[in-house]
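Visitor: Predicted model and sequence follow; I will ask about them next.
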Amino acid sequence: MNLKLNSDLGEGAGNDALLMPYLFACNIACGGHYGDASTIQTAVQLALKHGVKIGAHPSYPDKDNFGRKSMDIKSSILIQSLQDQLALFNQVLLENDTPLFHIKAHGALYNDIAKSEILAQTYLSIINSYKEKCLLFVPDHSAIKKLALEQGFQIYVEAFADRNYLDDGQLVPRSHPQAIIHQPEKAVQHVYDMMNSHQVITVGGKKITLQANTFCIHGDHKNAVAIAQALHQTFNQKKTTLE
């Protein structure tokens, strides 16, 4: 069972170098919720050093709330912000002569395009020029997955190693006490269930189908490194004995 682990990096958490050895891909903040050209450059060079696939992690333009609150803003403002974020990110990639592997929306934007077809369509229209160039990381059971497939985007379906799910397949809101998985052993069992049976047990106790090509751990999670180590040891270093 080979685990393709990705993580949100370049966000000032201070543990990027510790996480990189365990990652297949990284999602680098590109100025919307955190970062600038300098932080992008540092994260990109670190990823290149470790042979980790590089992705852009655009978000609502909201550094005050780290991009984790939905924003009721004009489409024109959102479009301009996302275009600027991706332009900045691609300039750094060009300077390092390295390709973009994927794009993954961040935080509240990720959750909102999972639920709203209107917003998902706006998002896809912004990144339409990347359709033949890179993958999109999208959640299962989502509007963005449905529309992306219909419009010919190449996707990786993503699930979360450190987050719990609702009965409708959406992530449990961060305001909920059971939103985040803190213990490495629980994260390992959580991922094993999804990889082995393509199911996840929701916070409501229901089993729902959940497909995934890659699993994410948040770089700012206080136990991110310990969880990444446990997942790597379980899935990528030895045959798992979990049941």
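Guide: On my side now, so go ahead.

Visitor: Output the below-cut-off pLDDT ranges for this structure.
Guide: Along the chain, segments meeting pLDDT under 70 span 1, 238-243.

Visitor: just the helices in it please.
Guide: All helices of the chain, identified by DSSP state H, fall at 16-19, 37-50, 75-95, 107-115, 117-126, 143-150, 184-197, 224-236.

Visitor: just these: most buried one?
Guide: helix 107-115 (a mean of 22; mean count of other C-beta atoms under 10 Å). Using the backbone N, CA and C atoms, a C-beta is placed for each residue, glycine as well.

Visitor: Quick one: distance of that helix to the chain centre.
Guide: Centre-to-centre, helix 107-115 and its host chain are 11 Å apart (C-alpha atoms, centre = their mean, to the nearest Å).

Visitor: How about residues contacting it?
Guide: 33, 58-60, 62, 66-71, 104-105, 119-120, 123, 138-139, 141-145, 170-171 (C-beta atoms under 8 Å, 6 or more residues apart in numbering).

Visitor: mind putting the helices of the chain in CSV, distance to residue 166 included?
Guide: Output for the helices of the chain, formatted as CSV (distance: least, C-beta to C-beta, whole Å):
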stretch, distance to residue 166
helix 16-19, 27
helix 37-50, 31
helix 75-95, 25
helix 107-115, 11
helix 117-126, 18
helix 143-150, 15
helix 184-197, 14
helix 224-236, 21
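
Visitor: Ok, which of these comes nearest residue 26?
Guide: helix 37-50 (5.3 Å; C-beta to C-beta).

Visitor: just to revisit the earlier point, mark which of the contacts of helix 107-115 are buried, thanks.
Guide: 33, 58-60, 62, 66-68, 70-71, 104-105, 119-120, 123, 138-139, 141-145, 171 (16 or more other C-beta atoms under 10 Å).

Visitor: Residue 157 is in contact with residue 213, correct?
Guide: Yes: if you go by C-beta atoms under 8 Å, residue 213 and residue 157 touch, sitting 5.2 Å apart.

Visitor: tell me the contacts of residue 81?
Guide: So residue 81 contacts 32, 58, 60, 61 (C-beta under 8 Å, 6+ apart).

Visitor: can you pull the contacts of the third one?
Guide: I take that to be residue 60. 32-33, 67, 69-71, 73, 78, 81, 106-109.

Visitor: For the residue nearest to residue 214 when sequence neighbours are not counted, give me its contacts.
Guide: Spatially, and ignoring its direct neighbours in sequence, residue 214 is nearest to residue 4 (4.3 Å; C-beta to C-beta, 6 or more residues apart in numbering). Taking C-beta under 8 Å, 6+ apart, we find residue 4 in contact with 24, 25, 213, 214, 215.

Visitor: How about residue 61?
Guide: 32, 71, 73, 77, 78, 81.

Visitor: ok, 6 Å please
Guide: 32, 81 (C-beta atoms under 6 Å, 6 or more residues apart in numbering).

Visitor: Now do residue 223: how many residues are near it, please.
Guide: 17 (other C-beta atoms under 10 Å).

Visitor: how far away is it from residue 229?
Guide: 10 Å (C-beta to C-beta, to the nearest Å).

Visitor: repeat for residue 111
Guide: The value you get for residue 111 to residue 229, if C-beta to C-beta is used, is 28 Å.

Visitor: ok, of the contacts of residue 4, which one's closest to residue 44?
Guide: Looking across the contacts of residue 4 and measuring by C-beta to C-beta, the closest to residue 44 is residue 25, at 12.6 Å.
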